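K.L.:
what follows is a predicted structure for the sequence shown.
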Amino acid sequence: MIQRPRGTRDFGPVEMAKRRKVESAMREACAVFGFGEVVTPTFEHAELFTLRSGQNVVDEMYVFRDKGDREMALRPEITASVVRFYVNEMSNFPKPLKLYYVGNCFRYENPQSGRYREFFQLGAELIGTKNPESDAEVIALAVNCIRSAGLENFVVRVGHIGILKAMVNKEIGDEKLAGEVLHMIDKEDWDAMGEMFDARALPRQLFDKIAAIADMKGELELLNNLDQSEATGYLQELFGVLKLYGIEDCLIDMGIVRGLDYYTGMVFEIDAPRLGAEKQIMGGGSYTLSELFGGEPVFSTGFAIGIDRVVLALEAEREIAVPAQLDAYVVPAKDDMRKYAFGIVARLRSQGLRADVDLMRRSMSKNLKYASSVNARYAVIVGKEEMAKRMVTLRDMKSGEQRQVMADDIASEIRKS
RNA sequence: GCCGGGGUGGGGUAGCGGUAUCCUUGGGGACUGUGGAUCCCUUGACCCGGGUUCGAAUCCCGGCCCCGGCCCCA
């Protein structure tokens, strides 16, 4: 027997119904915000991803050489592809450009709860503008996606890496060292950072200042404790717009560093607290990527939502309700009614109902049992007596009530309920 | 890459040195025009590969996969 590759999943009909429901709700949110869908290739030149990402991402990429000896990679994320697409073909589209995508991504990691080697993301990029209102727009979309998916318990944290990045770069000078410090901030590894500061004889004052800023997590008012700067003013303005959008429960978290390579300003994350270790369901921020791929510098803001994690978080709250798979199951009472039954089911289907008919030549008793076990809403029983009157017996599978209706009226009768 | 805990029919389980239990599900029948009840029949499993042994689902080693955690991240 051939097993499914490690870290991948098969999704059955019931699970897919739930996933599609969640996905459609988030797609609709994107559409409502004026974002248009794009689809990019599942694999790209490996270089597209190695250019912008650090060694970490490269190590966990699925890379292979194709038959033309090109180095290709399964996409570990989709933002890079969208930006490439933008640079290649959309750079003179009217701004702001609003794009969203849904797709599978691949990372060679060790699977655990909420982490898979093939996973699914929905993301959006707002290209061509950088100001508090465009960042707020993107945050509002992310929050609306999560909300319309039906999730209730989640935490939005917004930060700005400009402050720390500028401070660290300025005070430390050495670019590589500064990068390491930012990394430690991201991990909140104060011990390691302290040791490093001692070893390099860096001023203790700077350490305290960095730690104090990175530790600022909470309400917007926290910013009042910080020296007024471009970044604090930016965030205050951003929160003001969010409020106008009806989003008031965002927290400040100046400790978010995220990837640290390409994010330049606002950064934000959303957690679903009940998820455990892998509780982050979304990450995003503003960046400038296009010049990396040979385009003009363009400011963008984007995010990516982990669909798998959203589904997990939703199911931790309550079961995702999906409609019954079948509206009607047509059962012939006797063998000589079978042809009539096919005609009935064909008509129901053409009227847009989810309808099915016995294909196993089963007895009426077995057919009703089957209809029950697949959760059909109605059994449409066709027999000799009914056929003579161009009627059928419509049986409500839940209540057991049944009545005769004209064959022409089945769909409208079912739609009534 | 590292650390725990696991892998017995489709799902859930018992057995833990003598080739497998029970429940459920699937198919058929009792029931030839009325289901979710009962009864009967039937399909179907010891993750893979080595080793120890007269004999391995059971013990040992390696691998694969699953669950959870670290790292990293969605």
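P.N.:
Ah, there it is.

K.L.:
longest helix in chain A, please.
P.N.:
Ranked by residue count and defined by DSSP state H, the top helix of chain A is helix A:13-32.

K.L.:
just give me how far it sits from the chain centre.
P.N.:
Here helix A:13-32 shows a centroid-to-chain-centroid distance of 9 Å under the convention C-alpha atoms, centre = their mean, to the nearest Å.

K.L.:
can I get it in CSV, CA atoms only?
P.N.:
What follows is helix A:13-32, C-alpha atoms only, in CSV (Å, rounded to 0.1, in the frame of the first residue of the first chain):
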residue,chain,number,x,y,z
PRO,A,13,-16.3,15.4,1.4
VAL,A,14,-17.5,16.5,4.9
GLU,A,15,-14.2,18.1,5.7
MET,A,16,-14.0,19.8,2.4
ALA,A,17,-17.5,21.2,2.8
LYS,A,18,-16.3,22.8,6.0
ARG,A,19,-13.1,24.1,4.5
ARG,A,20,-14.8,25.5,1.5
LYS,A,21,-17.3,27.3,3.7
VAL,A,22,-14.5,28.9,5.7
GLU,A,23,-12.6,29.7,2.5
SER,A,24,-15.6,31.2,0.7
ALA,A,25,-16.4,33.4,3.6
MET,A,26,-12.8,34.8,3.6
ARG,A,27,-12.8,35.2,-0.2
GLU,A,28,-16.0,37.1,0.0
ALA,A,29,-14.5,39.4,2.6
CYS,A,30,-11.6,40.1,0.1
ALA,A,31,-14.1,40.8,-2.7
VAL,A,32,-16.1,43.1,-0.5
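
K.L.:
the next helix or strand after it pairs with which strands, parallel or anti?
P.N.:
Sequence-wise, the next helix or strand downstream of helix A:13-32 (DSSP states H and E) is strand A:36-37. Paired with strand A:36-37 in the same sheet, following DSSP bridges, are strand A:97-106 (parallel).

K.L.:
before we move on, the earlier item: from the contact counts, what lies against the longest helix of chain A?
P.N.:
strand A:97-106, strand A:118-127, helix A:132-149, helix A:307-317 (3 or more C-beta pairs under 8 Å, 6 or more residues apart in numbering; DSSP states H and E). Placement of C-beta: from N, CA and C, glycine included.

K.L.:
which residues touch the first one?
P.N.:
Residues from elsewhere that reach strand A:97-106 (C-beta atoms under 8 Å, 6 or more residues apart in numbering): A:23, A:27, A:30, A:33-40, A:42, A:61-62, A:74-78, A:82, A:86, A:90, A:117-128, A:307.

K.L.:
among the residues you listed, name the buried ones.
P.N.:
Buried subset of the contacts of strand A:97-106 (neighbour count, 16 or more other C-beta atoms under 10 Å): A:23, A:27, A:30, A:33, A:35, A:38, A:40, A:61-62, A:74-78, A:82, A:86, A:90, A:117, A:119-128, A:307.

K.L.:
residues of the stretch 301-417 of chain A that sit close to RNA strand B?
P.N.:
Contact residues, the stretch 301-417 of chain A versus RNA strand B (C-beta under 7 Å from any atom of the strand): A:304-306, A:308-309, A:333-334, A:360, A:362-366, A:368-373, A:381, A:383-386, A:393, A:395, A:397-400, A:402.

K.L.:
of those residues, buried ones?
P.N.:
Neighbour counting by 16+ other C-beta under 10 Å classes A:304-306, A:308-309, A:333, A:364, A:368, A:370-371, A:381, A:383, A:386, A:393, A:395, A:397 among those as buried.

K.L.:
what is the burial count for A:Asn367?
P.N.:
Using other C-beta atoms under 10 Å, A:Asn367 has 21 other residues around it.

K.L.:
would you check that it makes contact with A:Val357?
P.N.:
No: counting by C-beta atoms under 8 Å, A:Val357 is not a contact partner of A:Asn367; they are 9.4 Å apart.

K.L.:
between these two, what contacts are shared?
P.N.:
A:Tyr329, A:Val331.

K.L.:
follow-up on the earlier one: so which of the residues of the stretch 301-417 of chain A next to RNA strand B sit within helices?
P.N.:
Per DSSP H, these map to helices at A:308-309, A:364-366, A:368-373, A:384-386.

K.L.:
doesn't A:Ile256 belong to a strand?
P.N.:
No: read with DSSP: H, G, I helix; E, B strand; the rest coil, A:Ile256 is coil and lies in no strand.

K.L.:
outline the domain layout of chain A.
P.N.:
As assigned by automatic domain parsing, chain A contains the domains A:13-317, A:328-416.

K.L.:
columns mean pLDDT on top of those domains, output as TSV?
P.N.:
Shown next, in TSV, are the domains of chain A (pLDDT from 0 to 100):
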stretch	mean pLDDT
domain A:13-317	90
domain A:328-416	92
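
K.L.:
how much space between the residue of the stretch 201-350 of chain A found nearest RNA strand B and A:Lys279?
P.N.:
Nearest to RNA strand B, among the residues of the stretch 201-350 of chain A, is A:Gly306, at 2.7 Å (C-beta to the nearest atom of the strand). Using C-beta to C-beta, to the nearest Å, A:Gly306 is found at 10 Å from A:Lys279.

K.L.:
likewise for A:Leu126?
P.N.:
26 Å.

K.L.:
the closest residue to A:Gly240 other than its chain neighbours and A:Ala140: what is the separation?
P.N.:
Excluding the flanking residues, the one nearest A:Gly240 by C-beta to C-beta, 6 or more residues apart in numbering is A:Pro132, at 7.6 Å. Counting by C-beta to C-beta, the separation of A:Pro132 from A:Ala140 is 12 Å.
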